[in-house]
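Novice: no FASTA, just this:
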C-alpha cells in the first residue's frame, strides 16, 4: 500500500488519488479498464496517469496481448528502498 503521507506530500489531484486507489490491487490495467472503474472523464484520467507516472507511483508496461494498449500498474517499492528512504528523511 502506498504511504498516505507520501501521496499528501506530492499534492496529487483527487483524480490521481482515485486512479491510484483503482490500481492498488497490483494487477496491470489498461486505460479502458481504469476508465470503466472510475466515474471520471477520460481526459482527466489521462492527466491523473501522467501525474502518477511523473511521481513514480505507477509504471507503464508493454501489453503483449495488444501492442496498441499500455498497461498501468502501481509501482511496488521493495522493502530495502523503502527503509533507505525513511532513513534519509
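Specialist: Arrived safely, thanks for sending. Because the structure is predicted, anything quoted here is derived from the model rather than measured.
Novice: ok, residue 13 to residue 66 distance?
Specialist: Separation of residue 13 from residue 66 (CB to CB, to the nearest Å): 29 Å. For the C-beta atoms, the positions are set from N, CA and C on the backbone; glycine is no exception.
Novice: So those two - more neighbours on which side?
Specialist: Between residue 13 and residue 66, counting by other CB atoms under 10 Å, residue 13 is the more crowded of the two (12 against 9).
Novice: List the contacts of that one.
Specialist: 47, 48, 51 (CB atoms under 8 Å, 6 or more residues apart in numbering).
Novice: Sketch out the strands for the chain, chain order is fine.
Specialist: For the chain, the strands defined by DSSP state E occupy 29-30, 58-62, 70-74.
Novice: neighbouring contacts of the first one?
Specialist: The reference is to strand 29-30. Taking CB under 8 Å, 6+ apart as the rule, strand 29-30 contacts 22, 23, 37, 63, 69, 70, 71, 72, 73.
Novice: mind listing what it pairs with, with the direction of each?
Specialist: strand 70-74 (antiparallel) (DSSP bridges).
Novice: Show me how far the strand it pairs with is from its chain's centre.
Specialist: 7 Å (CA atoms, centre = their mean, to the nearest Å).
Novice: quick one: buried residues of it?
Specialist: Neighbour-count burial for strand 70-74, counted by 16 or more other CB atoms under 10 Å, picks out 71, 72, 74.
Novice: Then stretch 31-45?
Specialist: 33, 34, 35, 38, 40, 44, 45.
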